[in-house]
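Asks: Fold the following and give me the result.
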Amino acid sequence: MFTQLKRTAAAALAVCAAFWAAFGMTACDSHSGNSDANAAAIPTARVAAAQRGDIAHVLTMAGQFQPYQVVDVHPKVSGYMKKINVDIGDIVHEGETLAVLEVPELKAQLQQTVFEVDQTKEEITQAEHEIGRAEATHSALHAQYQRLKQAAEGHPGMIAQQELDDAQAKDLSAESQVDAAKSAMAAAKQHAGSAQADNQRVQALHNYTTVAAPISGVVVWRYADTGALIQGGTNSNNQDLPIVRLSQSSLLRLRVPVPEDDVKYIHDGDELDVRVDAVGRSITGKIVRFTRDVNFETRTMETEVDVENKDLSIAPGMYANTMLRLAQVKSVVTIPLEALVLNDKQQTVYVLDITNHVHLRSVQVGIEGSKLAEIRSGLNAGDRVIVGGQEKYQEGEEINPVVAQEPASETVQESGGMIDMKGDEDAATQSGPPAQNEDRPGKIGKAPKQAGTKETPGGAH
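Replies: Model (predicted):
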């Protein structure tokens, strides 16, 4: 009996244990399911942290070197080429004799003016002697008249009035002779001045038979040989050829066509990075002048950079690739462009606080690149912003952030045409040598507005 009761109690305890075990498991399963449901209810968003970095806009362009000055040297007078001292490629200095002309009639005319100058000198000498003679005669006659006058005044009636009048007339006549001699002297001096001026004029023309270099530079072409008849540069015939052409190549003008959209960024003193692939040289230049006029056909504005070339390593006509920084900011707060939302004409970002709740914040945007934007106010470095799909989130909503790694800096490159010298060499290798007199300066093209892109053929410089 006791044993039977013991077995019944054990069975009851087993049933109770099974019941509580089943109840506890059910309670645990219910709690776990609620946790998973709450986690699934919090939305996920891609976020990025505001960082400090740099944003720059650069413009790459192809430019061409031009001489600083080009002068066609004409003689002032016409004549035969007696001697020419230079040829193409020679380096000359200002004032150096380039050529000598032979003009026989001009030489004779110069000799004639010399004789005229000598003649006027003799005339002046003769006039000087005539003045001296006239003054001496006047002095004697004047003294004689004064003595007679004094005697007549001291002893009235002793000197006849006729004699006194004759003496006075001779005195006045001698005085007139002095004035006439002085007038002849003035005329002789004027004649001498005229003769001297004529001599200087002819001498100046004769000096033009020696043609000197007006500037220091390189002789890039020679048009005349010894014995040739050269026409003076003052003739109205525009077909007259010069003797030589001089190019000032120690200082070059690098001319760069700036696209119309970027003209507003051009200022005096802006720096350009210049690369001359033909000679393997890289330099930094400054904008010194620009036309302030956009070409109607190409829609570009010519801009010039002065480049020192004292060793003449760069030849006029060579191409250069340039890079101009249009706009640049350094160490500023940057965020991805996707984080910006336009809300009632105001740029807005969705910012997360430390508890991952969303807050809308207005910001002031500065320079924009292709991926990043400068934030001038409204954000600090380290603030987290939602990137993309902002319309899915509300103010104060809690989210589960997924941090995206974004760059802090960006350089946006726009291309106004570049020279691909290697591409030109490859094309020459594939198609064989160019035809005679064919001009192959390189390929110039318009590239897409992205960094690191080489130009493709088809554009025009």
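Asks: Let's check: the centremost residue of this structure is which one?
Replies: Nearest residue to the geometric centre of the chain (Cα atoms, centre = their mean): residue 304, 2.7 Å.
Asks: From the contact counts, what lies against whatever helix or strand it lives in?
Replies: If you go by DSSP states H and E, residue 304 is part of strand 300-308. Contacts defined by 3 or more Cβ pairs under 8 Å, 6 or more residues apart in numbering; DSSP states H and E place strand 300-308 against strand 51-73, strand 244-259, strand 271-276, strand 281-294. Every C-beta, even on glycine, is put in place using the N, C-alpha and C of the backbone.
Asks: Same list (the ones you listed) but as TSV, adding distance to residue 144.
Replies: Listed next are the helices and strands packed on strand 300-308 as TSV, based on distance: least, Cβ to Cβ, whole Å:
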stretch	distance to residue 144
strand 51-73	72
strand 244-259	76
strand 271-276	94
strand 281-294	83
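Asks: Please identify the deepest-packed of those strands.
Replies: Most buried of the helices and strands packed on strand 300-308, by mean neighbour count (mean count of other Cβ atoms under 10 Å): strand 244-259, with a mean of 21.
Asks: Report the distance from it to the chain centre.
Replies: 10 Å (Cα atoms, centre = their mean, to the nearest Å).
Asks: Quick check: buried residues in stretch 295-306?
Replies: Going by neighbour count (16 or more other Cβ atoms under 10 Å), the buried part of stretch 295-306 is 300-305.
Asks: Including distance to residue 331 and pLDDT, could those residues go into CSV?
Replies: Output for the buried residues of stretch 295-306, formatted as CSV (distance: Cβ to Cβ, whole Å; pLDDT from 0 to 100):
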residue, distance to residue 331, pLDDT
300, 34, 91
301, 32, 93
302, 35, 93
303, 29, 93
304, 33, 94
305, 29, 94
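Asks: And what about residue 314, helix, strand or coil?
Replies: Put simply, residue 314 is coil when judged by DSSP: H, G, I helix; E, B strand; the rest coil.
Asks: quick one, phi/psi of it?
Replies: phi -100, psi 130 (degrees, to the nearest 10).
Asks: Assess the claim that it and residue 279 are in contact.
Replies: Yes. At 6.1 Å, residue 314 counts as touching residue 279 under the criterion of Cβ atoms under 8 Å.
Asks: neighbour-wise, which of these two wins?
Replies: Between residue 314 and residue 279, counting by other Cβ atoms under 10 Å, residue 314 is the more crowded of the two (21 against 10).
Asks: give the contact list for that one.
Replies: Residue 314 sits next to 65, 252, 276, 278-279, 281, 307 when contact means Cβ atoms under 8 Å, 6 or more residues apart in numbering.
Asks: what's the closest of those to residue 104?
Replies: residue 252 (42.8 Å; Cβ to Cβ).
Asks: who touches that closest one in this structure?
Replies: Residue 252 is in contact with 65-68, 306-307, 309, 314, 316, counting by Cβ under 8 Å, 6+ apart.
Asks: Which pLDDT value goes with residue 319?
Replies: If you check residue 319, the pLDDT there is 94.
Asks: what's around it, how many residues?
Replies: Counted with other Cβ under 10 Å, residue 319 comes out at 19.
Asks: where exactly do the strands run in the stretch 301-450 of the chain?
Replies: Ranges of strands in the stretch 301-450 of the chain, per DSSP state E, counting those that start in this stretch, are 319-336, 341-343, 346-352, 358-362, 364-368, 372-377, 384-386, 400-403, 410-415, 418-420, 443-445.
Asks: scratch that, the stretch 101-250 of the chain
Replies: Counting by DSSP E, counting those that start in this stretch, the strands of the stretch 101-250 of the chain are 210-212, 217-222, 229-230, 244-259.
Asks: got the contact list for the residue nearest to residue 251 when sequence neighbours are not counted?
Replies: Nearest residue to residue 251, sequence neighbours excluded (Cβ to Cβ, 6 or more residues apart in numbering): residue 68, at 4.3 Å. Taking Cβ under 8 Å, 6+ apart as the contact definition, residue 68 lies against 248-253, 306.
Asks: any weak-confidence spans in the protein?
Replies: Per-residue confidence for the chain (pLDDT under 70) gives these ranges: 1-40, 235-239, 417-461.
Asks: how near is the closest residue in space to residue 308 that isn't next to it in sequence to residue 279?
Replies: Leaving out its chain neighbours, the residue that sits closest to residue 308 by Cβ to Cβ, 6+ apart is residue 251, at 6.3 Å. From residue 251 across to residue 279, the span is 16 Å (Cβ to Cβ, to the nearest Å).
Asks: before we move on, what about residue 152?
Replies: Residue 152 is 105 Å from residue 279, by Cβ to Cβ.
Asks: For the spatially closest residue to residue 95 that is not a sequence neighbour, give the beta-bridge partners.
Replies: Among residues not flanking residue 95 along the chain, residue 212 sits closest, at 5.4 Å (Cβ to Cβ, 6+ apart). As for beta bridges, residue 212 partners with residue 97 under DSSP bridges.
Asks: For residue 212, the count of nearby residues, please.
Replies: Neighbours of residue 212 (other Cβ under 10 Å): 15.
Asks: shift numbering so it begins at 142
Replies: Sure thing, new numbering starts at 142, so read that last one as residue 353.
Asks: Let me see the contact set for residue 217.
Replies: Per Cβ under 8 Å, 6+ apart, neighbours of residue 217: 346, 349, 373-375.
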